[in-house]
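Undergrad: Pasted the sequence and its predicted model underneath.
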Amino acid sequence: MSSMTTQSQDPTGAEIVVRALKDHGVRHIFGYPGGAVLPIYDALFQDDAIEHILVRHEQGAAHAAEGYARSTGKPGVILVTSGPGATNAVTGLTDALMDSIPLICITGQVPTHLIGTDAFQEADTVGITRPCTKHNVLVRDVKDLPRILHEAFYIATFGRPGPVLIDIPKDVQFRRAPYVGPSNIRHRTYQPRLKGDLKKIEQALEMIAAAKKPVFYTGGGVINSGKLASHLLREFVRMTGFPITSTLMGLGAYPANDPQWLGMLGMHGTYEANLAMHDCDLMIAVGARFDDRVTGRLDAFSPNSKKIHIDIDPSSINKTVRADVGIVGDVAHVLDDMIRLWRARQLRVDGAALSAWKLQIDGWRARKCLAYKTSNDVIKPQQAIERLYELTKGRTTYISTEVGQHQMWAAQFYKFDEPNRWMTSGGLGTMGYGLPAAVGIQVAHRDALVIDIAGEASVQMVMQELSTAVQFDLPIKVFILNNKYMGMVRQWQQLLHGGRYSHSYSEALPDFVKLAEAYGVVGLRATKPEELDDRIREMINTNRPVLFDCVVDQMENCYPMIPSGAAHNEMILNDNSEEAAVSEAGKVLV
Amino acid sequence: MSTPKRDEPKSAYFLVDQKDREIRTTFCVLVDNEAGVLARVVGLFAGRGYNIESLTVAEVDHLDRTSRITIVTSGTPAVLEQIRHQLERLVPVHKVFDLTAEHPGIERELALVKVAGTGEKRVEALRLSDAFRARVIDTTHSSFVFEVTGSAGKLDAFIDLMKPLGLVEVSRTGVVAISRGAEAM
């Protein structure tokens, strides 16, 4: 009997899916059943090695899987049905693609003989998701299913991570085929390079030794490369003594309480980080992609520096900013070689120049760009984050956010000392990400304190996942900075559109405390600065999900800000915001 | 702190350096012949705003299930470098070759050209087709179908000449290309 002939004792496609997931160490999946995935749900029902987290909307499943993946370093898995199940997941897939988060998305599809007939709940899922996944496959023959599943895990996690979608028609889920295990997956075509070119690394080291005004600019690639990458980054940065800044996605890779840390850079980055980027003579970009939120005006971006760019994705190098030395490779591999060669060649940095550079940076730090005025009557949003940090910093705390002002304040004021503790939607900027992400994080870290720092507008986008948190006993904390505005939209309208607040007021807001009660979670509210600490403590000490309505100053703006179309040295700060003007050219940008 | 001069709207969105000239380039892309692979390549060009001047695709190795896509595009050197890397990122892509700058190649295109007419014009069409080494592959008393191969420019010239002589219809394959010399891509 040949192994390729189908036997009645062979597993069904649905059973193959569950078996492959188990073989890849999957313990949790996020999903929502429907007609076209019922066979897989049936296989899951008969197997308790995998816990299925039932979400309330497929977008919630995708963001929960992202939070799970980002906080563990393992791929997140989602299971949804055909048609609307798949289209609802599209936002989460796009989000994962933009932020390089490894996801496996299994979608049901109508039976193969109905494909193309506009069948009930049919959608061209691979067509729709082709541009928003790293790879996707429609499985037409159950014999291919084991290989496709194993390759999906390989593609999602290897190289620059990303979402991979597998679309499985219902008849394929029922058909039987031999199961083949995941050993020795070697993909025919996809073989990303992990080790950096040693000649280029040596060239980079010589530039580092010669630098007079250097700065490390690190990003999400350090986090994606794994805990070892963060460790090596710390080692190398301390060996050189260079100042370091990071993108939004890279926070936590380097400890925020370290004296070499400059804070986040970019549109809402610190004065010292942005001016160090602008004035440096050597920029060492590690796992960062020169996003427009980071560079600002490109033709005035760091005009006098040489640039070393380390990235696993060759298309990231020279995409928007030309690199003098581009090193293609995995961050941990490249940093390991850099440290080894730096020691072997007994290289030294230019200590005198570095001291002068640090003195210059200290001058910028003294500008205290994050300072804000407190008030006796109203809670300042910055203050709320600062207090949240102070009252949670001793614990194992994971923070997710939605998108907007609250997200930027969280990035500025919450100090991350470890990687994988900060989950936010950076590239796509998806409002509604944080609450389901917190669900996913809490699933992975049952005993940790998981807080979604939210805004009252964002949180309502995928709010129904509170119900998931209740069902699965996930004590997530949703900390809403409620300023009754889509704050970032309002801030742009104030700065760019003459204060015409077109549709940015959060009209008809729910009473979040009553809403919490309706969901069966704990509702808390703070409106006065003096009650803030007690309420935060109460939230931390509640071992159930909490919806915290933190009522803050409505008109507070998020500074520093590099307006669109401006350069790093043209920041608006809290105390010069009156004279801030945005150029006509800047107004057309996002 | 010096303020950079701001004479024209420039930003992250105006990446193309105006000083760099656009170059016409032919890429050959070796891909796994699997469902949707052409859609991936075409979608990449459409989604990222790159030009496609010509595109041809056919399976070249039945046993290995590989297809070869020849794409003629144009862009500044920076854009061409991006196109290449973006193509290489696609999972089913084996190799990408630049047959203009890196490995100078030869290009050919085939056209089928239908010309209808009688008398002097018919004779003139046939005489010109001979000059272009076109072959007559279908004929009636009042029409010819010519098969002509060559560079895209040669085909353009032939088609232009046929216009006053009763050109009815043209079908072209798009460009296929291969590198010169003994080595494979």
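TA: On my side now, so go ahead.
Undergrad: what domains does the record give for the chain?
TA: You didn't say which chain, so I picked chain A. A:13-174, A:198-365, A:381-558 (automatic domain parsing).
Undergrad: You answered for a different chain; I wanted chain B.
TA: Taken from automatic domain parsing, chain B resolves into B:23-103, B:106-179.
Undergrad: Out of the ones you listed, which gets nearest to chain A?
TA: Proximity to chain A (CB to the nearest CB) singles out domain B:23-103 among the domains of chain B, at 3.5 Å. No exception for glycine: its C-beta is placed from N, CA and C like everyone else's.
Undergrad: What about contact with chain A: does the closest one have any residue there?
TA: Yes - contact of domain B:23-103 with chain A (CB under 8 Å from any CB of the partner chain) involves B:32, B:35-36, B:39-40, B:43, B:47, B:78, B:81-82, B:85-86, B:88-89, B:91-94.
Undergrad: shaky segments in the chain?
TA: Reading this off chain A. A:1-6, A:578-582, A:584 (pLDDT under 70).
Undergrad: not quite, I wanted chain B
TA: For chain B (pLDDT under 70), the answer is B:1-19.
Undergrad: Could you find the closest non-adjacent residue to A:Met47?
TA: Actually, residue A:47 is Asp. It isn't Met. Spatial nearest neighbour of A:Asp47, chain neighbours left out: A:Val18 (5.4 Å); criterion: CB to CB, 6 or more residues apart in numbering or on different chains.
Undergrad: Which strands or helices does the helix or strand the one you found falls within pack on?
TA: For A:Val18, the host element (DSSP states H and E) is helix A:13-23. The contact analysis (3 or more CB pairs under 8 Å, 6 or more residues apart in numbering or on different chains; DSSP states H and E) places helix A:13-23 against helix A:38-45, helix A:145-157, helix A:170-174.
Undergrad: Could you name the stretch from these that's closest to A:Ile208?
TA: helix A:145-157 (30.4 Å; CB to CB).
Undergrad: anything in the closest one near chain B?
TA: Yes - using CB under 8 Å from any CB, helix A:145-157 comes into contact with chain B via A:Ile155.
Undergrad: got the buried residues for stretch B:96-106?
TA: For stretch B:96-106, burial by neighbour count (16 or more other CB atoms under 10 Å in any protein chain shown) applies to B:96-100, B:103, B:105.
Undergrad: ditto for stretch A:21-34
TA: A:21, A:23-24, A:26, A:28-34.
Undergrad: can you give me the end-to-end distance of it?
TA: 20 Å (CA to CA, to the nearest Å).
Undergrad: just stretch A:375-389 next, same as before
TA: End to end - CA to CA - stretch A:375-389 spans 19 Å.
Undergrad: and for the strand or helix carrying A:Arg525, what are the contacting residues?
TA: Assigned by DSSP H and E, A:Arg525 falls within strand A:522-526. With CB atoms under 8 Å, 6 or more residues apart in numbering or on different chains as the test, strand A:522-526 has contacts from A:379, A:384, A:512-517, A:532, A:535-536, A:538-539, A:542, A:544-551.
Undergrad: Now with 7 Å, please.
TA: For strand A:522-526, the external contacting residues (CB atoms under 7 Å, 6 or more residues apart in numbering or on different chains) are A:379, A:512-514, A:516-517, A:532, A:535, A:538-539, A:542, A:544-551.
Undergrad: Going C-terminal from that strand, what's the next secondary structure element?
TA: Next helix or strand after strand A:522-526 toward the C-terminus (DSSP H and E): helix A:529-541.
Undergrad: sorry, back to before: next step: the residues of domain B:23-103 next to chain A restricted to helices.
TA: Those of these mapping onto helices are B:39-40, B:43, B:47, B:78, B:81-82, B:85-86, B:88-89, per DSSP state H.
Undergrad: Can you go through the residues you listed and name the buried ones?
TA: So, by 16+ other CB under 10 Å, the buried ones in these are B:40, B:78, B:81-82, B:85-86, B:88-89.
Undergrad: Quick check: the two most widely separated of these?
TA: B:Arg40 and B:Ala78 (22.6 Å).
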